[in-house]
Structures are given as C-alpha cells and as structure tokens.
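> quick one, fold the following:
(chains A and B)
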2 protein chains.
Amino acid sequence: MLAALEQALPATSFVYLGDTARLPYGTKSPTSVERYALQCAATLVQRGVKALVVACNTASAAALPALRLTYPDLPVIGVIAPGARAAVDQTRNHRIAVLATEGTVRAGAYQQAIQTIDARVQVTAIGCSVFVALAEEGWGEGAIAELVAKRYIGALFEPADAPDTLLLGCTHFPLLRNSLATLVPAGVTIVDSAETTARTVAALFPESGHDLSRRGHSCFLATDGPERFARVGSLFLGRHIEASAVERVDV
Amino acid sequence: MLAALEQALPATSFVYLGDTARLPYGTKSPTSVERYALQCAATLVQRGVKALVVACNTASAAALPALRLTYPDLPVIGVIAPGARAAVDQTRNHRIAVLATEGTVRAGAYQQAIQTIDARVQVTAIGCSVFVALAEEGWGEGAIAELVAKRYIGALFEPADAPDTLLLGCTHFPLLRNSLATLVPAGVTIVDSAETTARTVAALFPESGHDLSRRGHSCFLATDGPERFARVGSLFLGRHIEASAVERVDV
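Okay, here's the model as predicted:
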C-alpha cells in the first residue's frame, strides 16, 4: 500500500504506523479491531497528518464509521470501497471472488461494498488466514504457498459460471500473487486494491501530485519491536527498511 | 495444556483465560508479551485463583520473573522449566532440538533452561511461526502441514550426531505432532511439555489430586469474541466448547 501511495504522490510525506504489537487483525472481532484502529488513528492525528489511509482491509471493514465520526474534518480513506470499485469495473460476467481474512469475510464488507455499486454482481468471499502467516514468513512463493492457495481456491474456477475477477482483499495477499496466478485460468483478472486506493488518495491532493522538484519522506512507527517490523516491512515495501529508522510508539 | 491439567487434577476447577484479542504472542517482543501477561494475570487473580499456570511458552519465556515479582505469594508455573526437564531426562546423546515460536527462540529460553539443568546438552532451536496459523486453521495434519514441517526441520536429522529428542516448545504444536512424526527417524522421541507441567502443578496440590468423589469445573474467559475462541479452543482441548460458555473479558 505504501509503495503505491509513494508512487502516486511522490512529493508527499507519509507516516506509516504498524500495530505490530496486536497484529494480525484478520482473526480478531470487529469490536477489538475498531478500538485498536481508533488508538492508532489518535497517534497519527497527533503527528499532524492531513488524511488517514486505513491500509488494512479488516480495519477498513470494522472501523471506518467510528474513525469518520471521531475525525469529521479529516479525510479517512479505506481500502474496501476502492477495491470493490476496481473489481466491479473489471468483471464482465458479474462474478467476483474475494480472498480476505476471516474478519473481513465475516463482516461481509466486500459483499456489501460490491453490491452497493452493482447489485447484479455475485460475490464469493473466501477466508484465507494462513496466507497472512506465509506472507509474514517470506513464503509467498513456492510449493507451500501454492498448496495452501490450492486448498483455499482449488475448486473456485471449476464451474462454467466461475468468477472472472479475483480481488485480493487483504494487504498481505499481493505477496502471494504469483502463487495464486498459477491456479487462475486465462481470462481471470487478479485485482489488488492498493493502486486504486492510492489513486483515490491522490485525487484528494491534486496540488501535491507530481511536483517532482521535491520528494516526500516516509517515516515508520511500530507498536512492537523495530527489528521484526523492519524485516517484514521490507518484504512488503520492496525496499530495505533499517530497524534504526523505525520508531517504537505506545498507542 | 488444560486437558493435561484436568487429567492430573480431576477435582480441581480451572479458570482458563485466552488473550485472543492480542494473540499470537509468538511474534511479539518480550516487552509487549510481559505487559500482556501481567494484565491477564491481574484478571485471573481477581477471580481468586490459588496458582497461576502460564500455559504459553512465549509468555513463560518473557514474563515469569515479572509475574513472580508482582505476585510473590502465588505459585507461578511456566511451561519451559518442566519441558526442559522432560527433554533432558529423555535425551541419551545430549542433543535436543526445540521447535518454538520466533519469540521463544530469540529469547533463548529453552537453550538457557536446558543448559542450566545439564550444561553438556547441545540445543538446536528452530522458530516455526507458520505452525501456529496451521494449528488455528485446524490444518495440523495433511500434505500442507507435512510440507511446512519438512521446510522447518527437513535437514535437522540428517547429520550422524543429530538430536535424539524433539521438544515441542509451543502449546500449539502438539496439533502438528502426527505431521512431525512422519519426518522424525526411529529412535527420536517427541516431548511435549503439557504433561510434565501438569505433574508439576499436581505436586503443589497433593490433597486435591485424586478425590474422584467431586469433579472440578473449567470455565473460559477470552479477550476477544467467544465464537472463534470456542471453535479453536475445541480443537486444542479435544472436546466441544460452547461459545455461550465463554465469557468475554477486558484485561
């Protein structure tokens, strides 16, 4: 997500907070996730942010209303609405499959968001909790990832009227993208909400979009130890993060 | 762990607290785990418990000193010392392999505990974070579990002087026991700390051990939603837990 934001808004500075002391959110109840998201938001608001991107599907599903109520003057952007929009734009047969955490699936978040945009679309949502552990272990590719992916979605594309669009409804899942691609028939599109979300954010700040004369700066906050954040975060961001550049915060 | 305790102390009542809102502990820093363990203990002490069993290896590694300092009059039993003792009693070639979470391995908890008992023993500790997700998904057996186990311990028993004892240093890992057994050569013993820990606890309460005329009663507290606790807890306990029997608590 941060990589997509940095690309869409190169002159903007980002404060990235990873709630590593309490992750993963994907198996927690909506009540807990909402409370955690409000605590994280308070820390970010104290740092003077001009907008809040909820770069987690589970937190977007559980906490957007509470965040918007608490910060009525701050733009709060979740990943679910942009992801749903991208998938609906893509599908031709009105069938979308969503891979997400248990929490996002149980909340019915994508099902609702997609059918609000186009009520004709049939949504199949599959909880894939083990993907999160694989992504964090750096095992997004290889035989294990492919076998786990097969267990979760092996039967999904068998019917004649199978979905033609596969939406990655968790910010961890792009790390499994190549493994998923081995199971996805030709003609099925894999959609990741990071890019669409970044475009949504960029549209809010048109003036800061492409002033390449100055570069933004991203800084990192984590609620648990910086070493693990730096190691796992480097996998996600696709560039090296130094542990010494990660600030430990209590939220 | 609870199953072993119930068997060792059939007349005793247990209060089981699962900190499901913040699990897994295995990838968290010692500072966070210590804070969480103290909060959980406070809730249990309010319920009038006569002893505290820290039924989590990561929490045993991180929080025992702080718990004993905070509750000097309460017996506090961790799983690491009993597990280390059982493994040392078992090994003939003075080589023990420990499978644990990243946190337990990084803390060096088993390495220290084993070498305090017998300094001649060589300890190989391997962090197996993905096992936790597999156990919670109910995927402790089958092709995926075996492939993940092979990735973690495939090379462990190749050397001529390989360990003859494999200690399961996480309370989730007994659910992977059959998968691990397929990789373990004849002559290697798999040791699980639950039974030894239960015997340690039973020794503290000799009077309540085997009075079978009255049965104890276990009750369940969870910091997150009861449904997931009941589902995953039933896998671990080996008997059905009703969600309605789980009390949600804030710690």
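
> quick one, helices of the stretch 151-251 of chain A?
Counting by DSSP state H, counting those that start in this stretch, one finds helices in the stretch 151-251 of chain A at the ranges A:177-181, A:193-204, A:226-237.

> please identify the deepest-packed of those.
Among the helices of the stretch 151-251 of chain A, ranked by average contacts under mean count of other Cβ atoms under 10 Å in any protein chain shown, first place goes to helix A:193-204 (a mean of 20). From N, CA and C alone the C-beta is placed, and that goes for glycine too.

> output the contacting helices and strands for that helix.
Counting contacts by 3 or more Cβ pairs under 8 Å, 6 or more residues apart in numbering or on different chains; DSSP states H and E, helix A:193-204 packs against helix A:2-8, strand A:76-78, helix A:80-90.

> with just CA atoms, put that helix into CSV.
The C-alpha coordinates for helix A:193-204 follow below in CSV (Å, rounded to 0.1, in the frame of the first residue of the first chain):
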residue,chain,number,x,y,z
SER,A,193,-6.9,-2.6,-4.1
ALA,A,194,-3.5,-0.8,-3.4
GLU,A,195,-3.3,1.0,-6.7
THR,A,196,-7.0,2.1,-6.8
THR,A,197,-6.8,3.3,-3.2
ALA,A,198,-3.6,5.3,-4.0
ARG,A,199,-5.4,7.0,-6.9
THR,A,200,-8.3,7.8,-4.6
VAL,A,201,-5.9,9.5,-2.2
ALA,A,202,-4.1,11.3,-4.9
ALA,A,203,-7.3,12.7,-6.2
LEU,A,204,-7.8,14.4,-2.8
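
> what's the average pLDDT for it?
Across helix A:193-204, pLDDT averages out at 90.

> over to stretch A:236-251?
Per-residue scores along stretch A:236-251 average to 91.

> need the residues that contact that stretch.
When contacts are defined by Cβ atoms under 8 Å, 6 or more residues apart in numbering or on different chains, stretch A:236-251 is touched by residues A:2-3, A:17, A:19, A:36, A:39-40, A:42-43, A:135, A:171-172, A:175, A:219-227, A:229-231, A:233-234.

> which of these are buried?
Among the contacts of stretch A:236-251, those classed as buried by 16 or more other Cβ atoms under 10 Å in any protein chain shown are A:2-3, A:17, A:19, A:36, A:40, A:43, A:135, A:171-172, A:175, A:220-226, A:229-230, A:233.

> and the residues you listed near chain B, which?
By Cβ under 8 Å from any Cβ of the partner chain, the members of the buried ones among the contacts of stretch A:236-251 lying near chain B are A:Thr223, A:Asp224, A:Gly225.

> all strands of chain A, in order?
Using DSSP state E, the strands found in chain A span residues A:14-18, A:52-54, A:76-78, A:95-100, A:122-127, A:165-168, A:189-192, A:218-222, A:246-248.

> tell me which parts of the stretch 51-200 of chain A are close to chain B?
Counting by Cβ under 8 Å from any Cβ, the residues of the stretch 51-200 of chain A close to chain B are A:102, A:129-130, A:132-134, A:136-137, A:139, A:143-144, A:147-148, A:151.

> closest to chain B among these?
Closest approach between these and chain B, by Cβ to the nearest Cβ: A:Ala133, at 3.5 Å.

> what's near enough to touch the nearest residue to the closest one once chain neighbours are set aside?
Nearest residue to A:Ala133, sequence neighbours excluded (Cβ to Cβ, 6 or more residues apart in numbering or on different chains): B:Ala133, at 3.5 Å. Taking Cβ under 8 Å, 6+ apart, we find B:Ala133 in contact with A:Ser129, A:Val130, A:Val132, A:Ala133, A:Leu134.

> related to what we said a few turns ago, using a markdown table, lay out the ones next to chain B among the buried ones among the contacts of stretch A:236-251 together with pLDDT.
As requested, these are exported to a markdown table (pLDDT from 0 to 100):
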| residue | pLDDT |
| --- | --- |
| A:Thr223 | 94 |
| A:Asp224 | 92 |
| A:Gly225 | 87 |
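
> per-residue confidence for the closest residue to A:His172 other than its chain neighbours?
The shortest distance from A:His172 to any non-neighbouring residue, by Cβ to Cβ, 6+ apart, is to A:Ala135 (4.1 Å). Model confidence at A:Ala135, given as pLDDT, is 94.

> is it true that A:Ala135 touches A:Arg177?
No. Using Cβ atoms under 8 Å, A:Ala135 makes no contact with A:Arg177, being 10.4 Å away.

> and stretch A:150-167, what's buried?
By neighbour count on 16+ other Cβ under 10 Å, the buried set for stretch A:150-167 is A:Lys150, A:Arg151, A:Tyr152, A:Ile153, A:Leu156, A:Phe157, A:Ala162, A:Pro163, A:Asp164, A:Thr165, A:Leu166, A:Leu167.

> for that stretch, list the C-alpha coordinates in CSV.
The C-alpha trace of stretch A:150-167 is given here as CSV (Å, rounded to 0.1, in the frame of the first residue of the first chain):
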residue,chain,number,x,y,z
LYS,A,150,-5.0,-24.7,-3.9
ARG,A,151,-6.7,-25.7,-0.7
TYR,A,152,-8.4,-22.3,-0.4
ILE,A,153,-9.3,-21.7,-4.1
GLY,A,154,-8.8,-25.0,-5.9
ALA,A,155,-12.4,-25.6,-6.6
LEU,A,156,-13.3,-21.9,-7.3
PHE,A,157,-12.8,-21.8,-11.0
GLU,A,158,-14.2,-25.2,-11.9
PRO,A,159,-17.9,-24.2,-12.6
ALA,A,160,-18.7,-22.9,-16.0
ASP,A,161,-20.0,-19.7,-14.5
ALA,A,162,-17.0,-19.2,-12.3
PRO,A,163,-15.8,-15.7,-11.3
ASP,A,164,-13.8,-13.8,-13.9
THR,A,165,-12.3,-11.5,-11.3
LEU,A,166,-10.2,-12.3,-8.2
LEU,A,167,-9.9,-9.5,-5.7
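
> quick one, what contacts the closest residue to A:Val148 other than its chain neighbours?
The shortest distance from A:Val148 to any non-neighbouring residue, by Cβ to Cβ, 6+ apart, is to A:Val130 (5.4 Å). Residues in contact with A:Val130 (Cβ under 8 Å, 6+ apart) are A:Val148, A:Tyr152, B:Val130, B:Ala133, B:Leu134, B:Glu137, B:Trp139, B:Ile144.

> with A:Lys150 instead?
A:Leu183.

> how far off centre is the longest helix seen in chain A?
Using DSSP state H to define each element, chain A has its longest helix at helix A:30-46. In terms of Cα atoms, centre = their mean, to the nearest Å, the centre of helix A:30-46 is set 16 Å apart from its chain centre.

> also stretch A:42-57?
With Cα atoms, centre = their mean, you get 15 Å for stretch A:42-57.

> and that stretch, end to end?
For stretch A:42-57, the first-to-last residue distance is 19 Å (Cα to Cα, to the nearest Å).

> quick one: buried residues of it?
Quick answer for stretch A:42-57 (16+ other Cβ under 10 Å): A:Thr43, A:Leu44, A:Val49, A:Leu52, A:Val53, A:Val54, A:Ala55, A:Cys56, A:Asn57.

> give me the most central residue, chain A.
Taking Cα atoms, centre = their mean, the centroid of chain A lies closest to A:Thr171, which sits 3.0 Å from it.

> and it, what is it in contact with?
A:Met1, A:Ala55, A:Cys56, A:Asn57, A:Val79, A:Ala194, A:Phe236 are the contacts of A:Thr171 under Cβ under 8 Å, 6+ apart.

> what would the residues you listed look like in TSV with distance to B:Arg95?
TSV is the format used below for the contacts of A:Thr171 (distance: Cβ to Cβ, whole Å):
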residue	distance to B:Arg95
A:Met1	45
A:Ala55	45
A:Cys56	43
A:Asn57	45
A:Val79	48
A:Ala194	47
A:Phe236	37
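
> which other residues reach the longest helix of chain A?
Here helix A:30-46 has contacts from A:15, A:17, A:19, A:22, A:25, A:28, A:52, A:54, A:58-59, A:61-63, A:66-67, A:70-71, A:74, A:103, A:107, A:221, A:223, A:249, A:251, B:21, B:223-225, using Cβ under 8 Å, 6+ apart.
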